[in-house]
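Engineer: Build me a structure from this.
(2 chains)
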2 protein chains.
Amino acid sequence: MPELRKDPIIGRWVIISTERSKRPTDFHLEPEKPDTKACPFCAGNESKTPSEIFAFRSPHSQKDGGGWEVRVIPNKYPALRIEGDLGKMGVGLYDRMNGIGAHEVIIEGPDHFKSLEDLPIDVISKVFETYKIRMLDLSRDNRFRYTLVFKNVGEHAGASLSHPHSQLIATPITPKRVSEELRGAQEYYTYKDRCVFCDILREEQNQVTRVVYENDGFIGFCPFASRFPFEVWVMPKRHSPDYTSLEINEMELLADIMKQVLGKLSKALQRPQYNYVIHTAPIRWPRKGYWSTIDYDFHWHIEIMPRLTRVAGFEWGTGFYINPTVPEEAAKYLQELKV
Amino acid sequence: MPELRKDPIIGRWVIISTERSKRPTDFHLEPEKPDTKACPFCAGNESKTPSEIFAFRSPHSQKDGGGWEVRVIPNKYPALRIEGDLGKMGVGLYDRMNGIGAHEVIIEGPDHFKSLEDLPIDVISKVFETYKIRMLDLSRDNRFRYTLVFKNVGEHAGASLSHPHSQLIATPITPKRVSEELRGAQEYYTYKDRCVFCDILREEQNQVTRVVYENDGFIGFCPFASRFPFEVWVMPKRHSPDYTSLEINEMELLADIMKQVLGKLSKALQRPQYNYVIHTAPIRWPRKGYWSTIDYDFHWHIEIMPRLTRVAGFEWGTGFYINPTVPEEAAKYLQELKV
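Structural biologist: Numbers count the residues shown, from 1 in each chain, chains lettered A, B, ... in the order given. Prediction:
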């Protein structure tokens, strides 16, 4: 059973894998060789993965057989385990709990070589719809507090398989970085009586210089204080704290902007390694009542972070970043690029 | 002039390099070829660096000539500039200031191939003494709030040159991660009336299982909630918030434990890439008065982070880490290893 341990100083939680613990000789930074024939996410290899949890598939196709467009499976090497209770306890000074959670893989299509942005809008839509379906399903498990959807592309971005996929992890605690963002948004709201993200959205539309792409539902821009070169945030124009509030027509607009933005990044940076992360409200949060303003102050969005530079001691030590590309220049470049 | 920009949501600052801004084609993740002859940090190549700020050198040797043991120079490509005023201002919704600061390189010896842990104790002592001397000198500049000393070893850890060196950056703001740590320590102190680090120190001495090495002045241990495999913290036994309070005999004990711990890591993991960061109190902080408890609640220390795994979307999105090595097993392995 993996273990969750809490740092007693700043309250950061860490997942410690106690089962297949790595000894010094187990670490190697060399990439594993790609082997398409053996890729467990490819069409025809469905039997190599754990049994599917959900799929968009053609009418008469069989579970764990071919004929699917998007397929969700449990991660074969999960960071957190689904069975068991939380077992919260103290160990001397310290706090720990069992590593309970869900860890799923969303395979974005049967074709190994088609990246998300290469797919047609309606299929991309289904990928984003799948995120919503899985988040809603897991939110019914009352051990969980947060569902994080993220995508690692490329070895430097932490991907161990190159077949296009994203991941979902449901955690029994609200992660620290999420709480920080919620707190920041709430402080702004308390001070100004406005959502900071709605204010950013208007500011970006006014200043124009950092906008990469815009459609009726979304805006994609390089944030003013971008941590990474060519960082892009995609934000819905309709205020909502919660990704799962997305309606079906909005899914298509999201698919459109993600196809555009990822396509532009892919072309500009020659298929860069990157991560994206969906920032959304926690599952179990006091949403009503005079003391909670999350419905008004938080605004879900997606942060896309190309991994072009390395994070070094300075960033780790300070939590502030050195970005060698001016966001306005990155935005201008991406905005002008046609895909 | 580089620019400091603040994220309006969580208050994270970013340094934007506006001078040599990188365009898409400037990014390449391939390592630069090591070229010892051309290494500007090697003995004999002193003229290839900016003029030295400080050095430990033999009695009759000349500034910027040979005969030095430890040498400090300005970084040739500084993240922050020393000249100018802060120029704090708002830009619409956002906040920015000029990228004022200091960025220095501490060259740990004239020999390209001798790592810090390979040097004799008295020379390692001088490296740590140099940190103190430079921190004290920069603390007199009242534009600065924090001096961060860190070391990047290996390309994955962000080092661009392989010659053993560390870096110092003085910043005009207290970095976010430092403030978080200070706040956490203060909250613990308010609750328990004890320093959390002193409590950790006693707990580690009691539990024993995570201790790597100990001498009269310091303890080295794998923290309970280690973020990274083989992460080690080195903590002084004497409570002090401030690295610069180190006395000369303590410098030698610090050199001893760092030689041991880095030597053990080097042997166990075959010269791993790593970062270390000195966590110390800010320069300008209200140290006296009933409302500040920093003298009592904060405790300087060094965090050593081997870079054996990659940080992926999950870590970026949540701020919580997946560590595949149990800290107790890492500690046992390191503790038993003789160097």
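Engineer: For the rest of this, base every contact and every neighbour count on C-alpha atoms.
Structural biologist: Noted.
Engineer: Show me where the stretch 151-300 of chain A has its helices.
Structural biologist: Using DSSP state H, counting those that start in this stretch, the helices of the stretch 151-300 of chain A run over residues A:176-192, A:196-207, A:248-268, A:294-297.
Engineer: how about those helices, which one is nearest chain B?
Structural biologist: Set against chain B and scored by C-alpha to the nearest C-alpha, these come closest in helix A:176-192, at 5.0 Å.
Engineer: What mean pLDDT does the closest one get?
Structural biologist: Helix A:176-192 carries an average pLDDT of 90.
Engineer: Kindly report the same for stretch A:243-254.
Structural biologist: The average pLDDT within stretch A:243-254 is 96.
Engineer: ok, back up a step: take the helices of the stretch 151-300 of chain A and lay them out in a markdown table including distance to residue B:57 and mean neighbour count.
Structural biologist: Listed next are the helices of the stretch 151-300 of chain A as a markdown table, based on distance: least, C-alpha to C-alpha, whole Å; neighbours: other C-alpha atoms under 10 Å in any protein chain shown:
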| stretch | distance to residue B:57 | mean neighbour count |
| --- | --- | --- |
| helix A:176-192 | 46 | 17 |
| helix A:196-207 | 54 | 17 |
| helix A:248-268 | 49 | 21 |
| helix A:294-297 | 58 | 20 |
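Engineer: Could you tell me how many residues sit around residue A:2?
Structural biologist: 23 (other C-alpha atoms under 10 Å in any protein chain shown).
Engineer: Could you dump the helices of the stretch 151-300 of chain A into a markdown table with distance to chain B added?
Structural biologist: Below are those laid out as a markdown table (distance: least, C-alpha to the nearest C-alpha, whole Å):
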| stretch | distance to chain B |
| --- | --- |
| helix A:176-192 | 5 |
| helix A:196-207 | 7 |
| helix A:248-268 | 6 |
| helix A:294-297 | 11 |
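Engineer: Quick one: closest of the ones you listed to residue A:227.
Structural biologist: Residue A:227 sits nearest to helix A:176-192 of all the helices of the stretch 151-300 of chain A, at 14.9 Å, using C-alpha to C-alpha.
Engineer: Taking helix A:196-207 as reference, get the angle to that closest one.
Structural biologist: With axes from the mean of the first three to the mean of the last three C-alpha atoms, to 10 degrees applied, the angle from helix A:176-192 to helix A:196-207 works out at 70 degrees.
Engineer: still on that earlier bit, how about the helices of the stretch 151-300 of chain A in JSON lines, adding distance to residue A:308?
Structural biologist: Formatted as JSON lines, these follow (distance: least, C-alpha to C-alpha, whole Å):
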{"stretch": "helix A:176-192", "distance to residue A:308": "22"}
{"stretch": "helix A:196-207", "distance to residue A:308": "24"}
{"stretch": "helix A:248-268", "distance to residue A:308": "12"}
{"stretch": "helix A:294-297", "distance to residue A:308": "32"}
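Engineer: For residue B:190, which of the ones you listed is the nearest?
Structural biologist: helix A:176-192 (21.2 Å).
Engineer: Run the chain-centre distance for that closest one.
Structural biologist: On the basis of C-alpha atoms, centre = their mean, to the nearest Å, helix A:176-192 is displaced by 20 Å from the centre of the chain it belongs to.
Engineer: From the contact counts, what lies against that helix?
Structural biologist: helix A:196-207, helix A:294-297, helix B:313-318 (3 or more C-alpha pairs under 8 Å, 6 or more residues apart in numbering or on different chains; DSSP states H and E).
Engineer: Show me the contact partners of it.
Structural biologist: Applying C-alpha atoms under 8 Å, 6 or more residues apart in numbering or on different chains, the contact partners of helix A:176-192 are A:11-13, A:194-196, A:279, A:293-294, A:297-298, B:9-11, B:317-320.
Engineer: and if you look at stretch A:55-69?
Structural biologist: With C-alpha under 8 Å, 6+ apart as the contact definition, stretch A:55-69 has outside contacts at A:43-44, A:46-47, A:51-52, A:70-72, A:108-110, A:123, A:126.
Engineer: which among the residues you listed gets closest to residue B:233?
Structural biologist: The shortest approach to residue B:233 among these belongs to residue A:72, at 39.9 Å (C-alpha to C-alpha).
Engineer: where are the low-confidence patches of the stretch 51-200 of chain A?
Structural biologist: For the stretch 51-200 of chain A, not a single residue meets the criterion pLDDT under 70.
Engineer: near chain B, which residues of it show up?
Structural biologist: Contact residues, the stretch 51-200 of chain A versus chain B (C-alpha under 8 Å from any C-alpha of the partner chain): A:79, A:92-94, A:148, A:150-152, A:156-159, A:175-178, A:180-181, A:183-185, A:188, A:196, A:199-200.
Engineer: Could you save the helices and strands packed on helix A:176-192 as a markdown table and add columns showing distance to residue A:131?
Structural biologist: As requested, these are arranged in a markdown table below (distance: least, C-alpha to C-alpha, whole Å):
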| stretch | distance to residue A:131 |
| --- | --- |
| helix A:196-207 | 22 |
| helix A:294-297 | 21 |
| helix B:313-318 | 15 |
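Engineer: can you tell me which of the ones you listed comes nearest to residue B:168?
Structural biologist: helix B:313-318 (25.1 Å).
Engineer: Give the next helix or strand downstream of the closest one.
Structural biologist: strand B:321-323 (DSSP states H and E).
Engineer: tell me the domain ranges of chain A?
Structural biologist: Residue ranges for the domains of chain A, per automatic domain parsing: A:3-22+A:32-171, A:176-336.
Engineer: would JSON lines of these with distance to residue B:273 be doable?
Structural biologist: As requested, the domains of chain A are exported to JSON lines (distance: least, C-alpha to C-alpha, whole Å):
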{"stretch": "domain A:3-22+A:32-171", "distance to residue B:273": "15"}
{"stretch": "domain A:176-336", "distance to residue B:273": "11"}
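Engineer: So what does the residue of chain A lying at maximal distance from its centre have for phi and psi?
Structural biologist: Farthest-out residue of chain A from its mean C-alpha position, per C-alpha atoms, centre = their mean: residue A:92, at 34.7 Å. Phi and psi for residue A:92, reported as degrees, to the nearest 10, are phi 60, psi -130.
Engineer: Please report the distance of it from residue B:202.
Structural biologist: Distance, residue A:92 to residue B:202, by C-alpha to C-alpha, to the nearest Å: 11 Å.
Engineer: now do residue A:89
Structural biologist: 20 Å.
Engineer: cool, residue A:82 as well?
Structural biologist: Applying C-alpha to C-alpha, the value for residue A:82 to residue B:202 is 35 Å.
Engineer: How about residue A:125?
Structural biologist: 55 Å.
Engineer: ditto for residue A:245
Structural biologist: Note on residue A:245: its distance to residue B:202, by C-alpha to C-alpha, is 49 Å.
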